[in-house]
Structure formats: C-alpha cells, structure tokens
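1. sequence first, then the predicted structure, then my questions.
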Amino acid sequence: MNAQPVGAMENAPCGQTGPQFKVPEHAEDAPRDACSGPLEQRLGAKAPGDRRAAYQELQKLLQDGADVCAEEYAHHVVPMLKDSAPANHESALAAGIAFVQCAPASVVQPMAAACAGALVENEKYVAGRNQSKTIELLTAMNTAGTGVEASLTKALTHKKPKVCAGAAKALAHALQSGKGPGDRKMLGGPISSLLTHRDEAVRGEGKALFAHLRVAFGELAFKELKGISEERIKALREAPLPEYAAAATAAAEPIGTEGANSPDGAVIASPRSVKVPARAPSQADSSQRSCTAADAPAPRAGGGRCSRERLVGQVAEDVGQAARAR
C-alpha cells in the first residue's frame, strides 16, 4: 500500500489534486416526504416552500368548487396566517379568502377574532405589499359577533405607527362596504388618538377614517371626539367626503328635519337616513309642471306647492340611483 506522507495534499499544486468526492453532474435532490403526503399533513410541513405549495393547493381546491369540506381545514387557517415566512404570506391570505368564501358562517365566526388578531399584529400584513388582500380578508370576516371590529379598533392605538395606519385603512374600507362599526362610541377615543398622532401617515389615515364615519353617523360623529382643538374640528368639517357619498350627503344635509327634531339635535348627513318609500308616478304627476328646489317656495307648516316630503323623496331617488350605479 502506497501511503502518502502527511501534508502531501496540502503541499501539492492545485493542478495535481483531483476531486476527492465524485458527485454526478446532474444529481437530483432526494425527494421529500412532505411533498408526497396528504394535503392535511403538508399544510403543517417544516419546509416553508412545502407549506406555500400546500396553501396554493388548498386555495385552488376551494375555488374550483371541488367536492371538499371546507370545515375540515378550519383549524389550519390561523396557523397559515401566522406563518413566519414572509414569502408565504400572499399564498396564506389567498387561501384564507377562499376559505371564508366557501365555509359557512357558523364555522367562520368562532375563528374570525383569532384570524384578525394574527393579521393586525403583523405590520407585514396590514402595512406591507399584501395590505389589499389583508383588508379584503378582514372585511369578509367582519360580520356581527366575530370580534374583527374589536381587533381593528384595538390596533388603532398600537405602538407601531404602521399598524395604526393599516388598521384605520381597514376600518375605513369596512365602513365603505357597509360592514363598519355599528357603535360610533367604540371609536371615540381611538379616532381622537389617530387625529393627533405624531406620525403624519397615521394622521392622514385617521382623517380618511373620520370622513367615512361622517357618512355613517353624520353630525353625531363629532360628538365622540376627545381632546381635539376647535381649529382641527373646523378643518374636519371642511374636509371633503368620500366620493361614493359626497353628492348624496350634500343633498341630504339641508333637509335634516329628522335630525333637527331628534333628542340629540343632530343633522342626519348619511344617505342611509333618507327613508322615504318609492312611489310610482301617476298621471297627475306627469301633467304637472316639474317642481325643483330652485323654484320652490320656502317650506311652511301645512305643506305647499313643493313640499319638503317631495324634496326628500327626490333625494331618496337620487341616492338609490347612485347606489345602483356603484
């Protein structure tokens, strides 16, 4: 046996040393067991890539309307959203949205608060590149009794400014879609902290959220503000309303008979406050000259040629047309 002296390999020129381990040039990776297991098992795989592939498979399975029971995967939704790999967040959100769309409300409601908590506590969700999908999932889950609204409201006072701004944006979207807070008092303190926040981006989202609150609650929204200067309140009153409600609200504000006679003395600015039933036009109506607000006399007790009720009905019709156009 020809034994090489100690240190021979270290002292030999590079050109004379050959490969010590011969590996095939086109060697294939050893197959991973997780890739071939059932979906239930792969959703909790150790490798981030395997989990991501499983999330995508679950999304496709639910969206395709296959013969699958969504309830069987309910216990995987929260762990999916808590995935520590940022590269998996988009797929986790897409699978979560597909699940909420397929699963019955009785299954979604008990887990909605935990899902919302996982989303609002992670700024990569509420303020990152997946913000729009995060808001879509939160809005889809935000129904009565789910606790999503409470999680978002709590996040408005989070120590991280990005989380505050993201939660405000999500609540504004919920209000616009008709799934917003049902109790304005719930937002009194948090909305005030947004409007006076040290971060400019947070203040901007706070102003946008308050504009949606004005549409939902009218003048009553101002009553919940705490520690806001008169100058700032004046600026909030003069701020434009969201496009979807600006025209309808402007038409409804001067006709606030319902708000003027209310115990709070508030002017009802929301288009939802107009509750005049639609009436089919009669021949008498078509034969009469059109009566508009411009040529109408001032309203007085006992009615008149163009009564306040008729003006309210006109506003209600305009609001209905605007809603159908959206």
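-> Thanks, I have it. Numbers count the residues shown, from 1 in each chain.

2. sketch out the low-pLDDT regions of the protein for me.
-> 1-36, 66-68, 144-145, 179-183, 246-326 (pLDDT under 70).

3. could you rerun that using 50?
-> The chain contains residues with pLDDT under 50 at 1, 9, 14-15, 17-34, 252, 254-309, 311-312.

4. quick one: the strands in it?
-> Per DSSP state E, the chain carries no strands over any range.

5. tell me, how many residues neighbour Gly178?
-> Look at Gly178: counted by other CB atoms under 10 Å, it has 9 neighbours. C-betas here are computed from N, CA, C, even on glycine.

6. any idea how far it lies from Thr139?
-> 10 Å (CB to CB, to the nearest Å).

7. next one: Leu195
-> 23 Å.

8. same question, Ala87
-> Taking CB to CB, one finds Ala87 at 24 Å from Thr139.

9. so which of those two has more stuff around it?
-> Thr139 (21 against 11).

10. what about the more buried one, distance to Lys124?
-> 19 Å.

11. and if you look at Lys185?
-> For Lys185 relative to Lys124 (CB to CB), the value is 32 Å.

12. and the two? which has more neighbours close in?
-> Lys124 (14 against 10).

13. show me the contacts for the more buried one.
-> 86, 89, 130 (CB atoms under 8 Å, 6 or more residues apart in numbering).

14. mind checking which of the residues you listed land in helices?
-> His89 (DSSP state H).

15. out of the contacts of Lys124, which is nearest to Tyr73?
-> His89 (17.9 Å; CB to CB).

16. thinking again about what came up before, would you mind checking the contacts of Lys124 for buried ones?
-> Buried residues within the contacts of Lys124, counting neighbours by 16 or more other CB atoms under 10 Å: 89, 130.

17. so which of the contacts of Lys124 is the closest to Pro110?
-> Looking across the contacts of Lys124 and measuring by CB to CB, the closest to Pro110 is His89, at 23.3 Å.

18. correct me if wrong: the closest one contacts Asn130.
-> Yes: with contact defined as CB atoms under 8 Å, His89 counts as touching Asn130 (5.4 Å).

19. do you know how far Ala74 is from Pro86?
-> Taken as CB to CB, the span from Ala74 to Pro86 is 24 Å.

20. for Leu209, give its distance to Ala70.
-> Applying CB to CB to Leu209 and Ala70 gives a distance of 32 Å.

21. neighbour count winner among the two?
-> Leu209 (26 against 19).

22. nearest residue to Val126 other than its sequence neighbours?
-> Closest residue to Val126 apart from its sequence neighbours, by CB to CB, 6 or more residues apart in numbering: Gly166 at 2.9 Å.

23. count of neighbours near that neighbour?
-> With neighbours defined by other CB under 10 Å, the count for Gly166 comes to 30.

24. and what of Cys69?
-> 9.

25. and for the one 3 residues further on?
-> Glu72 is flanked by 11 other residues according to other CB under 10 Å.

26. which residues touch it?
-> Contact analysis of Glu72 by CB under 8 Å, 6+ apart lists Glu40.

27. quick check: Asp83 touching His89?
-> Yes: the pair Asp83 / His89 is scored as a contact, 6.7 Å apart, by CB under 8 Å.

28. if you skip the residues just before and after it, what's nearest to Leu58?
-> Nearest to Leu58 is Ala95, by CB to CB, 6+ apart, at 4.8 Å.

29. which stretches of the stretch 1-150 of the chain form helices?
-> Assigned by DSSP state H, counting those that start in this stretch, the helices in the stretch 1-150 of the chain fall at 8-11, 33-36, 39-42, 48-63, 74-81, 89-102, 105-120, 123-126, 131-141, 148-155.
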